[in-house]
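**Q** just a sequence and a predicted model for now, questions to come.
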Protein chains: 4
Amino acid sequence: MLRRLALIGVFLPLSVHAGESPVENWLLKTDMWGNTAYQSLTLSQDGNVLSGTFDGDKLVGTRQGNRLDFTVTDSDQATYRLKATVDGAGMVGIADDPDTNAPGKRVTHAFTGKRLPARPTGSPKVYTFTPKDYANEFSATRAPVLTVWPGDSIHTRTIDSGGVDEKGNTVALFGNPQVGPFYVMSAEPGDTLAVHIKRLRLNRDYADSLDSIVGPALGQSLAGKAQELGKPVRWKLDLARGLAAPMSASPALASYSVPVRPMLGGMAVAPGFGSPAMSTGDTGRSGGNMDFNQVVEGNTVYLPVYQPGALLYFGDAHALQGDGETSQYALETSMDVEITVDVIHGKTVPMPRVESPTQIMALGQAGSIDEATRAATTGLIKWLAQDYGLTLSESAQVLGSSVHYAVANLAGRSVGVAASLDKALLSQLVKPARP
Amino acid sequence: MLRRLALIGVFLPLSVHAGESPVENWLLKTDMWGNTAYQSLTLSQDGNVLSGTFDGDKLVGTRQGNRLDFTVTDSDQATYRLKATVDGAGMVGIADDPDTNAPGKRVTHAFTGKRLPARPTGSPKVYTFTPKDYANEFSATRAPVLTVWPGDSIHTRTIDSGGVDEKGNTVALFGNPQVGPFYVMSAEPGDTLAVHIKRLRLNRDYADSLDSIVGPALGQSLAGKAQELGKPVRWKLDLARGLAAPMSASPALASYSVPVRPMLGGMAVAPGFGSPAMSTGDTGRSGGNMDFNQVVEGNTVYLPVYQPGALLYFGDAHALQGDGETSQYALETSMDVEITVDVIHGKTVPMPRVESPTQIMALGQAGSIDEATRAATTGLIKWLAQDYGLTLSESAQVLGSSVHYAVANLAGRSVGVAASLDKALLSQLVKPARP
Amino acid sequence: MLRRLALIGVFLPLSVHAGESPVENWLLKTDMWGNTAYQSLTLSQDGNVLSGTFDGDKLVGTRQGNRLDFTVTDSDQATYRLKATVDGAGMVGIADDPDTNAPGKRVTHAFTGKRLPARPTGSPKVYTFTPKDYANEFSATRAPVLTVWPGDSIHTRTIDSGGVDEKGNTVALFGNPQVGPFYVMSAEPGDTLAVHIKRLRLNRDYADSLDSIVGPALGQSLAGKAQELGKPVRWKLDLARGLAAPMSASPALASYSVPVRPMLGGMAVAPGFGSPAMSTGDTGRSGGNMDFNQVVEGNTVYLPVYQPGALLYFGDAHALQGDGETSQYALETSMDVEITVDVIHGKTVPMPRVESPTQIMALGQAGSIDEATRAATTGLIKWLAQDYGLTLSESAQVLGSSVHYAVANLAGRSVGVAASLDKALLSQLVKPARP
Amino acid sequence: MLRRLALIGVFLPLSVHAGESPVENWLLKTDMWGNTAYQSLTLSQDGNVLSGTFDGDKLVGTRQGNRLDFTVTDSDQATYRLKATVDGAGMVGIADDPDTNAPGKRVTHAFTGKRLPARPTGSPKVYTFTPKDYANEFSATRAPVLTVWPGDSIHTRTIDSGGVDEKGNTVALFGNPQVGPFYVMSAEPGDTLAVHIKRLRLNRDYADSLDSIVGPALGQSLAGKAQELGKPVRWKLDLARGLAAPMSASPALASYSVPVRPMLGGMAVAPGFGSPAMSTGDTGRSGGNMDFNQVVEGNTVYLPVYQPGALLYFGDAHALQGDGETSQYALETSMDVEITVDVIHGKTVPMPRVESPTQIMALGQAGSIDEATRAATTGLIKWLAQDYGLTLSESAQVLGSSVHYAVANLAGRSVGVAASLDKALLSQLVKPARP
């Protein structure tokens, strides 16, 4: 039990009463030598006897008035003793934990807790959310902007990577400012968050880009000349015809236009405890500035959950983008977004996945394209094992005959490679019966 | 003038007579301290005075009976003096060359020469060629199996990578044995050879593969298990329906079949002087075991010419192949092949290119996917500059909005990445008028 | 002028009086849409007229009582107008800045300021600092623990990477908790911080390590077996004899001991504005968890300054470490540390540098060893240009004959390569006279 | 039994008679569809009954006069039947082998054989060998220039990488022309060849280099400027004082000199059957153009044997070289060389190893520095297992505390990384008793 916990003081007013629910859900927030751990606590009461779970492990204890005292035993048989005082929808307490550095020793940590609301009636709901500010980090400690439940939808707007909204106003700091985080009730570390992109539409008539070529795309023979690049290029977006064309184009490009394909460059959940906040320019297993041109309307992104509530962020929409985002800035613009969230409990994905109506795609991200290719392949094999029950030998045959690789992103600290398979082929697979 | 030359003793009987052609074409073969250099010689005679070209540089000299004596001056003003005695369609001689290691010193090399035939009447021709043996190296010294002219077509058969023909007989050593080389008249170093794949069809009902996953595709978490892989998998080829399915498949794959897409895994010209023969398992700028699944019927492969006659080889056909040839062996099989060759004189391509009816594709090959990606991008930018007149800034805009990257090959010493663009988009470009 | 500014509320009590210093030094802290920018302000007053600098650019303005109003013009001729009210050693204000996204538009940001102390008398000083807590991020927003001046020394203690101190108590969260940050007066973005490691000594008799082999060191043939590794290995440190030996060693290693060579695995300054806090497990141009076994007593580390005061952190000491830290944990232990800091004003280093009595070493860090090698070489060439005046051609000759490359670190997200040269050779270079 | 065999017609006259030796040693040379396989054959005769080994597998058969007929069974129980006619020290025959592509089918191959000489009396010997020509490929089919036995020494001279000898004459084609191959009697595939470098001395007073920086060393920020590099730089070699200094140096380098450290850039054995000849500019597991500055006098190079007789080549000496040979050409010069060869029977090394009086060094070579680092580490772990009996866990502890990594070579198609350990530390290891 590595994760430690405490209260986010940011939730909507509670709409449940103690009498309504036999199981109480709490979010605990623990101070770990100046670092914050969040953990879920569920409590059931039978007389004075408490049972439930804490961070996924079973607890037993007692409740005397507003005093809780319970012990958690994790899968390694380590025990954690928590004592707390409840005050309405809050609690404060002290955890007495094993010192993982020194067998036999114990350490204590203070925590607070906040009771989580019950699900509103009339679900699933569609929320229209108007951002008031934007995040420049994918952080576990930023206060959630909205709490939703699996099946709920969020309709909102994103601004461009420079912080400019659909009206042309700068409303946030450059560097891919994101909307969020959205707290998705019931999502726990080890689960998977599914983000269905229901609608992704242009809402202004221009996008900003550069004439750059990023280093990972550029051979040394051109590197000298490329240092003269990097000039801003504004593209006109023809919303009616769905075309983008460079404005003030040179004669060669005067007639060049490309069909738009709106995508979200950024989407992530908060990193887990022990991992610091991630820059909105960075990527990792939790997603991030993936800049993958398959994150489009109609597709679903799957992300591994590392924090209670998942804490979903997204932003940095592009009107379109070539593979690799080789121009450093894609066609950066603001966007109307509608997503629906779901949680797959107990299923862990090792990296971001994208599913389209016709393909499954695993997105490997690493410090080199070589390692990203390995990660993507490994991720796709994992997918075949999880959802199709394939052995490694069977996956090898499927990949050898059928896999596609695209270089998704070359513009960040990590680069991305997508390994994909056609669902029409996979539909021929016979999933073995489970014993 | 680096390249030195001599006679390939392998050409078809000469069908020209001295009187018919005022220009004689010769192929010289020079012994460079045990290494063989091939160079083209053209000779025109006016009285005793000789003019012409040698390895692309101008020559002047005299002919006295069967004795030739001429001097070549290259672009660095270095001079080469060649003296030879002609005997029918052959010659023998001595070249007196500058010592490139020591200004002022000279070195001598013996050479032989063979006169090249004139173009047969009735061109272009379609040759049906039945291989008698196969090459396990892309070599400049292997005797040409056929001499053709630009516009001619060759109809032949390739065997599988293990050396097995369409009847199931082992007729060559494993390791991608190739048909060739084909000597393409008029092709010179600095030119580009275009190979149009007119027809590429299955001619037997099975293909051999493995259940492997190659190292560059495989993350370390699976590497342990992957050591148990590598078992042969035979695939049934349904020629009528165009489907491939693993034979003796496990239940999960019992219904798995994939549409065939016949491709040539191997295609190369001979490496240039100073580069040794290349294994038919290897790749380079001259092509090779590219294992790129876009080398299919209807597409054209462009290769840089490094030797007189280009010396084209091909083989190692696959019934189909996923990106990267991740199973080490694709669906290896024999094939009916028809190609048409063309030469683009004076145009140099820096690496293999493939053109389909809808796309242009530059194939970067290097020791890592990172470097192959750089090479492919650089190659595509060069293409845009050569054929579309784009500046680097313009190319950056086209790539950023429109480029596709596929990982072509992970199974060789060099890996391959293809950078491609849609011709429909490129058709919008306005090529600048040349001053 | 990208950087924006505001007050760190954390400095020691001011020991200066307005009358003593004609130039006031302030640190401003600006809220940039929820992100914090720090910038230095110097003010001189002549009557009501203000002059000085703000973030390195000149300012002009007026002071009316406690009201400041001044305008800054940067090198691009953009203007910033700041108005503030001074209250003792603090100020609050509003900056009116150009909108970098929209020529002609302006944006406003609130800021606070704190006056910085004058240099104490009796400098340079040696401070003995006892940490009260530790940092798990290299952050610009963490309050400085001590303010020092160039030439001052700091004597302190570091704890091990797991958070355990010299007494064996866990006092911080795992993940290389660091001491700091130390605010170095007069250090400004664009300067270089020199950290002389005066003393680095073991202070407990054991170190903790693993029997791991990190992925970047491990071929696939061993990856399967390596998954059984990762077990803790405690090493006995013989402080008297300066030897480390694995405890509970297998028979083969029962007599194995290695001379200790104490080093600091972690050392960094805070990242610049726009870059988020960096994990203490990560590295970058500002240093970080470099895990370079040349960061030892007697050597000097040079780091680029990105924030006013540099904000120096260090920690994660190792009793010794092989190149690359291939065991993921080196011999992790606590340490007595004494450093002396210096600032080289106006000199920018592009990456961490280390200088020993005999060598100069540039530490390239990147997502692959290939790119880290390029970075290290480029960094060494820059060093030769800056300090020795060498042209690129001259550097090429020096490197080709004399460079050493060591793989410094393989255990982090970025890997490190050190390129080094012997100072005895470099002492032969003749620095050209500057015109 | 993959390897097929036949006679090299190049050996010294036989000095043995049938009556002297009960065991006959032959080298067979088999034509494998145009490719040549070499294999060793030992024959013992008892009446008409033959026994012995062929390519390491046991044979049984009969001899009737000069007719041999024997059957070989390999470890997979596949059988090979060879029939031959002996004529003095030669034989010709036909092998009837399994068709590895088609169970049940057989294929036939013609072979020739030559009887190998017995060891001369008075061994070990020191041979003085004067090269008559040089090899531009590491090839299995080039005729051996000298046959030696384990323990024998060879004293010879190498020329520089451009083909220039100690008198300044161009005597071979550029591209690292090598001396050899030397046939080392008794060396068989699966053995290890040890090459002790007894003496390596300069024999002329200049070396040729460039002012280049190779691509793998060069960051993109310098790539533009670096295109102006590549100019020849001649270095004066002061043989008496052991110093090298650039001639015609710029003022900055006018006093720059570096102690020479003569090394052999090239050393390799012939590749195995199925691998084509390797360019003398290339490297692989069999060695090659390693350009590793530890291949110096006093050190030993270990190479894996892939062909009967090993077929050793060496050349491309450097007066000195920085790590990585970053200038593309090191200080290229001719050299006096004396080596002693040994064979370690039955021990296989997976890659080149170098041993100095103080260190063991495994040289990993691959298409990227990342993969070369993995190869080097894997090679060093293999060494620790083979010679010191260490488990992977024990090796992990030794490496983590004690390994050194140097980047050996950046100038070839493959790059090289050396992982090394100090023998003083390793001498503390206790080799476990074998059960």
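**A** Done, it's in.

**Q** which stretches of the stretch 151-300 of chain A form helices?
**A** Secondary structure of the stretch 151-300 of chain A (DSSP state H, counting those that start in this stretch): helices located at A:220-226.

**Q** residue of it closest to chain D, please.
**A** The nearest approach of the stretch 151-300 of chain A to chain D comes at residue A:224, 2.0 Å away (Cβ to the nearest Cβ). Using the backbone N, CA and C atoms, a C-beta is placed for each residue, glycine as well.

**Q** give the closest residue to that residue in space, chain neighbours not counted.
**A** residue D:224 (2.0 Å; Cβ to Cβ, 6 or more residues apart in numbering or on different chains).

**Q** swap in residue A:324?
**A** Distances taken as Cβ to Cβ, 6+ apart place residue A:410 nearest to residue A:324, at 4.0 Å, with adjacent residues excluded.

**Q** which residues touch that neighbour?
**A** A:214, A:216, A:217, A:324, A:325, A:326, A:369, B:373 (Cβ atoms under 8 Å, 6 or more residues apart in numbering or on different chains).

**Q** burial measure for residue A:243, as a count.
**A** 16 (other Cβ atoms under 10 Å in any protein chain shown).

**Q** what's opposite it in the beta bridge?
**A** residue A:238, residue A:259 (DSSP bridges).

**Q** again with residue A:366
**A** residue A:415.

**Q** shouldn't residue A:355 be in contact with residue A:349?
**A** No. Look at residue A:355 against residue A:349 with Cβ atoms under 8 Å: they stay out of range, at 11.2 Å.

**Q** what residues are shared contacts of those two?
**A** Common neighbours of residue A:355 and residue A:349 (Cβ under 8 Å, 6+ apart) are residue A:302.

**Q** want to try a markdown table for the contacts of residue A:410, with pLDDT and distance to residue B:71 as columns?
**A** Listed next are these as a markdown table, based on pLDDT from 0 to 100; distance: Cβ to Cβ, whole Å:
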| residue | pLDDT | distance to residue B:71 |
| --- | --- | --- |
| A:214 | 95 | 51 |
| A:216 | 96 | 50 |
| A:217 | 95 | 47 |
| A:324 | 97 | 52 |
| A:325 | 96 | 56 |
| A:326 | 96 | 50 |
| A:369 | 98 | 52 |
| B:373 | 98 | 47 |
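
**Q** TSV for these, including distance to residue B:239 and neighbour count?
**A** Listed next are these as TSV, based on distance: Cβ to Cβ, whole Å; neighbours: other Cβ atoms under 10 Å in any protein chain shown:
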residue	distance to residue B:239	neighbour count
A:214	45	22
A:216	43	23
A:217	41	32
A:324	39	32
A:325	43	30
A:326	41	30
A:369	38	30
B:373	37	30
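
**Q** now the residue in chain A that chain C sits nearest to: how far from residue C:405?
**A** As assessed by Cβ to the nearest Cβ, chain C sits closest to residue A:367 within chain A, at 2.2 Å. Distance of residue A:367 to residue C:405, computed by Cβ to Cβ, to the nearest Å: 19 Å.

**Q** do residue A:160 as well
**A** 42 Å.

**Q** got a list of what residue A:230 touches?
**A** A:210, A:211, A:212, A:328.

**Q** residue C:200: which of these is nearest?
**A** Minimum distance to residue C:200 across those is 41.5 Å, recorded for residue A:328 (Cβ to Cβ).

**Q** wait, residue A:284 sits on residue A:271?
**A** Yes. With contact defined as Cβ under 8 Å, residue A:284 reaches residue A:271; the gap is 6.9 Å.

**Q** overlap in contacts, the two.
**A** Joint contacts of residue A:284 and residue A:271 (Cβ under 8 Å, 6+ apart) are residue A:278.

**Q** quick one: the strands in the stretch 1-150 of chain A?
**A** A:23-32, A:35-46, A:49-54, A:57-64, A:67-73, A:79-87, A:90-98, A:106-115, A:126-128, A:137-138, A:146-148 (DSSP state E, counting those that start in this stretch).

**Q** list the strands paired with the longest one, with their directions.
**A** Right, the one you point to is strand A:35-46. Assessed with DSSP bridges, strand A:35-46 is paired to strand A:23-32 (antiparallel), strand A:49-54 (antiparallel).

**Q** list the contacts of the last one.
**A** Spelled out, it's strand A:49-54. For strand A:49-54, contacts defined as Cβ under 8 Å, 6+ apart pick out A:1, A:5, A:23, A:28, A:39-44, A:58-63, A:68, A:70, A:72, A:80, A:82.

**Q** and that strand, what's its mean pLDDT?
**A** Mean pLDDT, computed over strand A:49-54, is 96.

**Q** and the angle from it to strand A:57-64?
**A** 140 degrees (axes from the mean of the first three to the mean of the last three Cα atoms, to 10 degrees).
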